[in-house]
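Enquirer: no sequence for this one, just the structure:
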């Protein structure tokens, strides 16, 4: 089961162009009777016969866990069947089976471990990703802005940096929004990781004069208009840009960096982009 949809923020998914491909399987599983229902049916009979069901208190906790996961799945608008809930050897941790996949939930039904990531089931916050985002922050002031293509919108009071591959369709969508941002300086770091063609076209752009590069890059990313081949060899800093991306662990394009150091991989909708800029721009 691909749990990627569970990790998206309510404001919308982020998508990035990367070299690797993944596969997704359906979250729909066949409906099967659940052991907990059988236990609940047998409980009154056992009490009438003076019998005690072992771990009877544990089933109450199992119901709490089940209810929490069902609520979470409903909140995420995902159709999946819970096929089993049982204790694990770790005190207070429960196993929940969804088809052939397992997630782990605390006995109060608040937090879950999904594919190794801790999720707040009530708020949908990906706590693991938030921690990773914090660890992956950079010092924006240390970015070598001399390597970037610079575009100033309005008074350019606020700044943002983005790593882009010229052949990445998500970069194209993001670039449209970047050009509409008011009073923003956009630093673009060409990052040709998708193909040799990406690298060749990036090199052709960087061989132009500084005054021409930004316009030609916009034409390339937005309209697929290839730059002219350089008439003479030039020392385009493609290798330095690739090394810079590796240094900052940029694994897909676009990747956005805000002035407080936070990164957001992938393209984001226009409204979400403006919200992120407001939340992550350093105050002057």
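Expert: All right, it came through fine. Predicted model, so just to flag it, every value in this text is computed and none were measured.
Enquirer: switch to C-alpha atoms for all contacts and neighbour counts from now on
Expert: Will do.
Enquirer: tally of neighbours for residue 233?
Expert: 9 (other C-alpha atoms under 10 Å).
Enquirer: could you do residue 242 as well?
Expert: The tally of other residues near residue 242 (other C-alpha under 10 Å) stands at 17.
Enquirer: now for the nearest residue to it once chain neighbours are set aside: which residues touch it?
Expert: Counting by C-alpha to C-alpha, 6 or more residues apart in numbering, residue 242 lies nearest to residue 191, which is 6.1 Å off, once chain neighbours are set aside. Contacts for residue 191 were tallied using C-alpha atoms under 8 Å, 6 or more residues apart in numbering; they are 163, 164, 165, 166, 238, 241, 242, 245, 253.
Enquirer: list the buried ones in the lengthiest helix in the chain?
Expert: Determined from DSSP state H, the single longest helix within the chain is helix 56-75. Along helix 56-75, the positions that meet the burial threshold by neighbour count (16 or more other C-alpha atoms under 10 Å) are 59, 61, 62, 63, 64, 65, 66, 68, 69, 70, 72, 73.
Enquirer: could I get those residues in TSV, plus columns for distance to residue 222 and pLDDT?
Expert: Below are the buried residues of helix 56-75 laid out as TSV (distance: C-alpha to C-alpha, whole Å; pLDDT from 0 to 100):
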residue	distance to residue 222	pLDDT
59	57	50
61	54	85
62	53	91
63	53	93
64	51	94
65	48	94
66	48	94
68	45	93
69	43	94
70	43	93
72	39	91
73	38	91
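Enquirer: and for residue 138, the neighbour number?
Expert: A total of 18 residues lie near residue 138 under the criterion other C-alpha under 10 Å.
Enquirer: how about the one 4 residues further on?
Expert: The burial metric for residue 142, expressed as a neighbour count using other C-alpha under 10 Å, is 7.
Enquirer: residue 244 versus that one, what's the distance?
Expert: Distance, residue 142 to residue 244, using C-alpha to C-alpha, to the nearest Å: 11 Å.
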